[in-house]
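A.B. asks: Mind folding the following:
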Amino acid sequence: MLHLHRMSTLPPVTLIYGNDEFAVEEKVKGLIESLGSKDNILMNVSEFQANNLSFAELQAACDAVPFLSACRMVLVKGLIGNSKPTNKGRSSKDVIEALISYLPKIPSTTMLIIIEYRKLASNSRILKAVRTIEGAKVEECILPTKSDLLQWIKDRASKMGGAFTNSGAYALADAGVDGPRALSSEINKLLTYVNWERSVEADDVIRLVPTAGQADIFLLVDSLADRDGHTAMRELRRLIGNGNREPIGVFGMIVRQYRLLLQAKEILQAGGDTSDVKNILGLHSFVADKVSKQSQRYQLSTLEHIYRRLLSMDIAMKTGSDSEIVLDVMVAGLTA
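C.D. replies: Alright, predicted model coming up:
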């Protein structure tokens with residue numbers, strides 16, 4: 001039999017897991033691409049899903065000799081936590097037990113990659129077993145928290161060969177873009193817009209990311225709820241200034257925001273939660289969370305009263321009243 005040495009950079013077993021599906025997929029893609037050409041990947045990568053897997057098939061794939069390569073890769077997805085019997089008649093638990101016994105025997109020409117799109121308990125048997133294998137690698141991919149998001153955006157931009165200013169990163173972090181995959185796409189779009197010639201600024205984000213203006217409207221509504229007329233007027237002026245928005249457009253944003261607050265309040269008072277607000281109103285997760293929290297600062301009757309006043313002001317604006325004066329009166333009235 002032809003004897004081939006393992007590629008020096010590849011461990012015998014790699015466990016990649018976590019709730020950041022995008023990061024998991026990127027790491028797996030990087031490992032596969034390390035095999036080189038598309039033909040080499042095609043001939044030396046086997047992939048299995050937990051619901052269609054027998055251990056015999058998995059072992060056969062691991063024991064196979066690489067084709068004109070120093071190493072072959074075997075991927076198995078969704079094995080942990082899948083209690084349903086596989087299509088091959090055995091439960092995932094049986095396959096895991098057999099796999100744990102087999103791990104020390106994996107040929108030196110095979111790299112086994114175990115992929116889980118979920119968090120694992122520290123006492124997970126497969127996690128503990130992989131850590132006992134010499135040279136094995138464990139990588140956890142956890143969704144960035146709100147406090148980590150600014151640095152995540154900057155690091156991602158740097159990896160793409162660009163940069164964000166602090167204000168630009170803050171604006172994107174506050175834009176309510178759902179998940180790392182969508183954020184990465186927005187970062188690429190913004191870097192393309194500035195042609196990688198300068199750092200992305202907050203104005204770029206506001207101009208190109210549809211939900212970016214939400215951050216300012218949240219600040220305005222917060223200040224209105226606090227009856228802080230000075231801050232509310234400042235945020236109002238910022239809203240009118242950013243993105244060259246017309247006063248009537250800003251007023252429309254305010255009306256929409258209070259309509260969402262009223263609807264969210266009704267959903268929450270009926271026993272719903274933030275996920276219900278998100279699904280029923282069709283909002284981004286970030287926006288649903290902010291709207292739910294803001295609605296708790298008002299009584300339902302107060303929101304109904306404010307919304308009626310806003311509709312009256314809307315009629316006034318559409319019948320010729322000066323838009324900026326109407327906005328000033330609105331702020332004065334809601335913070336008095």
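A.B. asks: For the nearest residue to Leu35 once chain neighbours are set aside, give me phi and psi.
C.D. replies: Nearest residue to Leu35, sequence neighbours excluded (C-beta to C-beta, 6 or more residues apart in numbering): Ile41, at 5.1 Å. Every C-beta, even on glycine, is put in place using the N, C-alpha and C of the backbone. Backbone geometry at Ile41, expressed as degrees, to the nearest 10, gives phi -60, psi -40.
A.B. asks: Give me the distance between Ile41 and Glu21.
C.D. replies: Going from Ile41 to Glu21 by C-beta to C-beta, to the nearest Å gives 21 Å.
A.B. asks: Please apply the same query to Val326.
C.D. replies: Distance, Val326 to Glu21, using C-beta to C-beta: 46 Å.
A.B. asks: got it, and Lys27?
C.D. replies: 11 Å.
A.B. asks: Those two: which has the busier surroundings?
C.D. replies: Between Lys27 and Glu21, counted using other C-beta atoms under 10 Å, the more crowded position is Lys27 (19 against 15).
A.B. asks: thinking again about what came up before, my guess is the residue nearest to Leu35 contacts Ile32, does it?
C.D. replies: Yes - the pair Ile41 / Ile32 is scored as a contact, 5.9 Å apart, by C-beta atoms under 8 Å.
A.B. asks: picking that back up, which residues touch the residue nearest to Leu35?
C.D. replies: Ile32, Glu33, Leu35 (C-beta atoms under 8 Å, 6 or more residues apart in numbering).
A.B. asks: same question, Asp222
C.D. replies: Applying C-beta under 8 Å, 6+ apart to Asp222 gives the contacts Gln294.
A.B. asks: Show me which positions of the helix or strand where Val291 lies end up buried.
C.D. replies: Assigned by DSSP states H and E, Val291 belongs to helix 285-295. For helix 285-295, a neighbour-count test (16 or more other C-beta atoms under 10 Å) marks Phe286, Val287, Ala288, Asp289, Lys290, Val291, Ser292, Gln294, Ser295 as buried.
A.B. asks: helices and strands of this protein: which one bottoms out on pLDDT?
C.D. replies: One helix or strand of the chain scores below all others by mean pLDDT, DSSP states H and E: helix 214-225, with a mean of 74.
A.B. asks: got the angle between that helix and helix 285-295?
C.D. replies: Taking axes from the mean of the first three to the mean of the last three C-alpha atoms, to 10 degrees, one finds helix 214-225 and helix 285-295 inclined to each other by 0 degrees.
A.B. asks: just how off-centre is helix 214-225 within its chain?
C.D. replies: Helix 214-225 sits 24 Å away from the centroid of its parent chain (C-alpha atoms, centre = their mean, to the nearest Å).
A.B. asks: Output that helix as CSV, restricted to C-alpha atoms.
C.D. replies: Taking Å, rounded to 0.1, in the frame of the first residue of the first chain, the C-alpha atoms of helix 214-225 are listed here in CSV:
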residue,chain,number,x,y,z
GLN,A,214,-33.4,53.2,12.9
ALA,A,215,-30.6,54.1,15.4
ASP,A,216,-31.5,57.8,15.3
ILE,A,217,-35.2,57.2,15.5
PHE,A,218,-34.8,55.0,18.6
LEU,A,219,-32.8,57.8,20.3
LEU,A,220,-35.5,60.4,19.4
VAL,A,221,-38.3,58.1,20.8
ASP,A,222,-36.2,57.5,24.0
SER,A,223,-35.8,61.2,24.6
LEU,A,224,-39.6,61.8,23.9
ALA,A,225,-40.4,59.1,26.5
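A.B. asks: who touches stretch 99-106?
C.D. replies: Outside of stretch 99-106, the residues within contact range by C-beta under 8 Å, 6+ apart are 12-13, 55, 58-59, 62, 79, 112, 125-126, 129-130, 132-133.
A.B. asks: In strands, which of the residues you listed fall?
C.D. replies: Judged by DSSP state E, the contacts of stretch 99-106 include Val13, Leu112 as members of strands.
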